[in-house]
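Q: Need coordinates for the below:
(chains A, B, C and D)
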2 protein chains.
Amino acid sequence: MPDEALRPRKSPQQARSVATIEVILQAATRVLTEESLSGFNTNRIAQVAGVSVGSVYQYFPNKAALVTTLIERTQTSLADAVDLCVARSQGKSLAAVLLELANIAITHQFGNPVFAAALDHEERRLPLGDVLNHAQERLITSIQLLLTEHRQDIGAPLPAAAAVDCLVIVKALVESEASRVVPDLDGLRERVVRALHGYLRQPGSKDSSESAPDTLS
Amino acid sequence: MPDEALRPRKSPQQARSVATIEVILQAATRVLTEESLSGFNTNRIAQVAGVSVGSVYQYFPNKAALVTTLIERTQTSLADAVDLCVARSQGKSLAAVLLELANIAITHQFGNPVFAAALDHEERRLPLGDVLNHAQERLITSIQLLLTEHRQDIGAPLPAAAAVDCLVIVKALVESEASRVVPDLDGLRERVVRALHGYLRQPGSKDSSESAPDTLS
DNA sequence: AAAGTATGCGAGCCTTCGCTCATATTCGCT
DNA sequence: AGCGAATATGAGCGAAGGCTCGCATACTTT
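A: Numbering: from 1, shown residues only, chains lettered A, B, ... in the order given. Below is the predicted model:
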């Protein structure tokens, strides 16, 4: 259940208003893609969408809610891809799955780099309590599942913490490469796998004798 | 040589103006620490400093210049610490040095978490071309030196890329933990070392036969 | 058709905030 | 003391931009 301040002001009941909402969200995406955060204001979004500002505020209580919807959508599509990848990973080697995950992350970021970077920025700025956390939890759960399946190859003691760390590491490496002038995607892919594989395979430094498989927060 | 738009408007010539500049910077730090980015505007900074806005703009051409000075200072102190650590690392094991570096990063971030997080945010937002890059280059150079010294323990082929990746990974893990409600610094330290050590020790996937020691951008 | 509801409109209100400038004060120097 | 330079002041300008509200239009229902 989303934050009170982010809940839609009213729900669309006719087909045209559903279309309007879609147009607004696509316009927001376009603005973010073409002008990054500099021209990203509600008036501009409305202008690009070909609707009035009033219409924007008919369904989004504020700008943050609009951005949150955008974030939610991209995060969900990412989580879907990861879910699918992990679900199909039976029998594959850990290294192979990590490579696939790296590819998903890279595609996600480099498919629309400016948009992705801008959203990352907003993600940090906004206090999206539950919303982001939901997609984030899905990601963590998927990775945790993967780690548990391959626990014999893994030195990291706590799957929960390791899953979070893996996500953090991938995100950081990918974003770092995205900020480069001439990104080297092949090199990046290789380095992401190296980082993940290295982190996971590294033998436990403490009580690796004790196994704590299901440590969900 | 700093960006034109960031150069000080005039240099202080009397003792009192030097003090004023210091008071302003300390006030900015306090505002950032106590109110994060929400109250971080030039009027507030001046108020907290006990000077007028005019005085702020006497020595800083704009707000970005002020923030940049703040960033420069903290980055420099971090680079100093890393430099020193690497310089004293002769004879120590790679793992030992990585642990020290992890501690430096953790101390740097958790000494004043709100301030550090806020500065991180500004760092990404501002176009600080040369300024940040200088301290950043120092960090990269130091780490590169360390990696080259321990190249027999390291599988990563390119010291330059590996150094950047190490910095990115550490920063991401530390910031991630900093955003937690109850940070676990001991666990973090351990995981940072695991990530670095894992990334570095992992054998090269491609032509690890070819050694490219000095690959500076 | 008429009434009722949903959707769309956009000028402009209002707040925030970076920054200026005319004026006042203090300092260094002879 | 007196003069010029350096420093400090703070009311307020102006731009940016989130958001409202009264009204117009379109659709649905009876």
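
Q: Show me what from chain A comes close to DNA strand D.
A: By C-beta under 7 Å from any atom of the strand, the residues of chain A that approach DNA strand D are A:14-16, A:38-43, A:53-54, A:57, A:62-64. Just so you know, the C-beta spots here come from the backbone N, C-alpha and C atoms, and that holds for glycine as well.

Q: Go back to the residues you listed and keep what's next to DNA strand C.
A: Within the residues of chain A next to DNA strand D, those near DNA strand C by C-beta under 7 Å from any atom of the strand are A:14, A:16, A:43, A:53-54, A:57.

Q: Mind picking the two most distant members of those?
A: A:Q14 and A:N43 (25.0 Å; C-beta to C-beta).

Q: And the residue minimising distance to the centre of chain A, how close does it get to A:D120?
A: What sits nearest the mean C-alpha location of chain A, by C-alpha atoms, centre = their mean, is A:Q75, with 3.9 Å. According to C-beta to C-beta, to the nearest Å, A:Q75 stands 11 Å off from A:D120.

Q: that older thread, output the ones next to DNA strand C among the residues of chain A next to DNA strand D in TSV; the columns should cover neighbour count.
A: Below are these laid out as TSV (neighbours: other C-beta atoms under 10 Å in any protein chain shown):
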residue	neighbour count
A:Q14	8
A:R16	9
A:N43	11
A:V53	15
A:G54	8
A:Y57	16
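
Q: what's the closest of the residues you listed to DNA strand C?
A: Distance to DNA strand C, by C-beta to the nearest atom of the strand, is smallest for A:G54 among these, at 2.0 Å.

Q: At the contact with chain B, which residues of chain A appear?
A: By the rule C-beta under 8 Å from any C-beta of the partner chain, the part of chain A lying against chain B is A:121, A:124-125, A:155-156, A:161, A:164-165, A:168-169, A:171-173, A:176, A:187, A:190-191, A:193-195, A:197-202, A:205-206.

Q: These, buried ones only, as a ChimeraX selection?
A: Buried residues among these (16 or more other C-beta atoms under 10 Å in any protein chain shown), as a ChimeraX selection:
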select /A:121,155,156,161,164,165,168,169,171,172,173,176,190,191,193,194,195,197,198,199,200,201,202
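
Q: In helices, which of the residues of chain A next to chain B appear?
A: A:121, A:124-125, A:161, A:164-165, A:168-169, A:171-173, A:176, A:187, A:190-191, A:193-195, A:197-201 (DSSP state H).

Q: On the pLDDT front, check A:R88 for me.
A: Looking at A:R88, its pLDDT stands at 96.

Q: make that A:S208, sorry
A: 37.
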